[in-house]
Structure formats: C-alpha cells, structure tokens
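Peer 1: I would like to see how this sequence folds:
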Amino acid sequence: MERQRIMRALALSRENTLIELMGSLGDIPPFEYLRRPQKGLIMVKARADAKNQAFNLGEALATRCSVNLNGKAGHAYVLGDEPEKCLAAALADALAQDERFRPEIERIALCLEADMARARALEVQKTQKTKVDFFTLVRGEDAD
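Peer 2: As a prediction, this is how the structure comes out:
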C-alpha cells in the first residue's frame with residue numbers, strides 16, 4: 001500500500017476510530033515533536049469554468065503535526081481542530097516507514113477505508129429515501 005493512500009485514510013478517518021485503532025498497536029516507541037499539533041487556516045481552491053482555471057473558494061480550519069520516531073519523520077494534516085487525531089495520524093505515518101510496524105499500519109488504513117465506505121453507503125441510503133422521481137402522465141386527448 002502506497003504512503004499517499006495510507007495518509008489519505010488517516011486524514012479522512014473519524015477521530016475516535018483512528019485513535020482506537022492506534023491504541024490496538026500497544027506501546028508506541030518514544031517520539032519527539034518536530035511540530036506540535038497546531039491549527040491554522042488553509043486556502044481551498046476549486047475549478048469550475050470551461051477553462052478549468054483554479055480560483056480561491058475560501059478558507060478552511062486545519063491542524064498539522066510532525067513527529068520524529070526512530071529517525072523517521074511522520075507528518076499529518078487534517079481538516080478541523082483535531083490535535084489528537086492529527087498526532088495519531090503523524091505517528092502512524094512515521095510507523096508506516098518502519099518495516100516492523102508497516103503491516104499493522106496498512107491493516108489500520110484498510111480498516112479506516114472500510115469504515116469510510118460504510119459511512120458513505122449509509123449517507124447514500126439516507127439520501128435515497130428523499131429521492132423524487134418526476135414523470136409525465138399521458139392524457140387521453142393528447143394521444144393520436
């Protein structure tokens with residue numbers, strides 16, 4: 001599993017799910033902060049017109065964190081003010097670079113992806129209940 005996919009799963013996961021799964025690893029080796037969890041604003045860009053030119057949509061609150069664990073740097077950015085989730089994601093990123101922990105981090109990422117898929121399916125199911133099908137009735141006098 002590539003690093004980008006793991007980091008995406010970590011960043012998009014629910015905080016309590018990520019922290020619970022990271023707790024299943026047991027004792028995490030000592031680490032040092034390169035950047036403590038800090039919140040700030042990031043600019044969100046979008047593309048909408050036919051020319052596909054980017055424009056600034058607005059700002060969003062985000063948290064970032066970086067750690068050093070056994071010489072491996074782990075980084076994380078998450079949307080919102082979630083310092084615990086961001087720290088857990090940064091630690092997971094650093095652990096994923098260590099061959100001893102990589103299989104467990106990949107397992108966690110797969111669990112997080114499955115959790116997100118279930119949440120998406122539930123959301124689709126909820127919205128399907130409000131779906132309206134429009135149709136036209138053919139009246140007798142309009143027929144040939």
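
Peer 1: tell me where this protein is predicted with low confidence.
Peer 2: Applying pLDDT under 70 to the chain picks out residues 136-144.

Peer 1: strands of that one, residue ranges please.
Peer 2: Using DSSP state E, the strands of the chain run over residues 32-47, 54-69, 72-79.

Peer 1: so which of those strands gets nearest D115?
Peer 2: D115 lies closest, by C-beta to C-beta, to one member of the strands of the chain: strand 72-79, at 15.4 Å. Heads up, the C-betas are built off the backbone N, CA and C, glycines and all.

Peer 1: any residues touching stretch 96-114, and which ones?
Peer 2: Here stretch 96-114 makes contact (C-beta atoms under 8 Å, 6 or more residues apart in numbering) with 1, 3, 5-6, 9-10, 12-13, 17-18, 21-22, 24-25, 69-70, 72, 74, 92, 95.

Peer 1: 10 Å - rerun?
Peer 2: 1, 3, 5-14, 17-18, 20-22, 24-26, 28-29, 69-74, 88-89, 91-95 (C-beta atoms under 10 Å, 6 or more residues apart in numbering).

Peer 1: picking that back up, nearest to R120, of the strands of the chain?
Peer 2: strand 72-79 (16.6 Å).

Peer 1: buried set for the longest helix that the chain contains?
Peer 2: Counting residues, the longest helix found in the chain (DSSP state H) is helix 102-128. Neighbour-count burial for helix 102-128 flags 104-105, 108-109, 111-113, 115-116 (criterion: 16 or more other C-beta atoms under 10 Å).

Peer 1: any chance of a markdown table for the residues you listed, columns distance to T63?
Peer 2: Listed next are these as a markdown table, based on distance: C-beta to C-beta, whole Å:
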| residue | distance to T63 |
| --- | --- |
| E104 | 24 |
| I105 | 20 |
| I108 | 19 |
| A109 | 19 |
| C111 | 22 |
| L112 | 17 |
| E113 | 21 |
| D115 | 20 |
| M116 | 19 |
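
Peer 1: now flag whichever of those is closest to A48.
Peer 2: Looking across those and measuring by C-beta to C-beta, the closest to A48 is M116, at 25.8 Å.

Peer 1: ok, the closest one - contacts?
Peer 2: M116 neighbours (C-beta under 10 Å, 6+ apart): 8-9, 12-14, 17.
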